[in-house]
Every structure is written in C-alpha cells, then in structure tokens.
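Enquirer: Prediction below, plus the sequence it came from.
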Amino acid sequence: MPGGATVTEVLALLGLDPRTVVVEHNREIVRDRASLDARRLRAGDELEVVHFVGGG
C-alpha cells in the first residue's frame with residue numbers, strides 16, 4: 001500500500017465500497033465510517049476487511 005494511505009484509499013484500490021464492508025484497523029473495529037478518511041496506515045499496521053455477500 002502507498003505510504004500514508006487512508007483506509008478509504010485502500011478500499012478504493014481494492015474496489016470495495018466502504019458502505020458494504022466492516023473494517024478492523026489494528027484489532028479495533030472501525031464503527032464510525034466517517035473516520036475511515038482520517039485513519040492513515042503506517043508500516044506494521046494490520047487491516048482486516050470483511051465484505052458481506054448475500055444469497056439465498
């Protein structure tokens with residue numbers, strides 16, 4: 001990932017809509033989606049993204 005990228009930028013690079021995922025940054029669930037723009041990634045950070053898929 002580019003140095004200093006925000007979580008929102010990473011999601012865009014991955015082609016994911018922030019409204020359809022749950023993000024965990026450094027083992028903390030990001031509950032406020034508006035804060036994704038403010039969270040900058042640094043070397044060693046952990047990011048987990050869960051994308052929900054519906055079906056029947």
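Expert: Right, received. Where do you want to start? Numbering: from 1, shown residues only.

Enquirer: now the helices for the protein?
Expert: 7-13 (DSSP state H).

Enquirer: ok, the residue nearest to V10 when sequence neighbours are not counted - contacts?
Expert: Among residues not flanking V10 along the chain, M1 sits closest, at 5.7 Å (CB to CB, 6 or more residues apart in numbering). All C-beta atoms are positioned from the backbone trio N, CA, C, and that covers glycine. For M1, the contact set (CB atoms under 8 Å, 6 or more residues apart in numbering) comprises V10, L13, L41.

Enquirer: Repeat the analysis, applying 10 Å as the threshold.
Expert: By CB atoms under 10 Å, 6 or more residues apart in numbering, the contact set of M1 is E9, V10, L13, L14, L41, A43, D45, L47.

Enquirer: do E24 as well
Expert: Residues in contact with E24 (CB under 10 Å, 6+ apart) are V30, E46, L47, E48, V49, V50.

Enquirer: do R27 as well
Expert: Under the criterion of CB under 10 Å, 6+ apart, the neighbours of R27 are E46, E48.

Enquirer: do the same with the one 10 residues further on
Expert: Neighbour list for D37: T6, V7, T8, E9, P18 [criterion: CB under 10 Å, 6+ apart].
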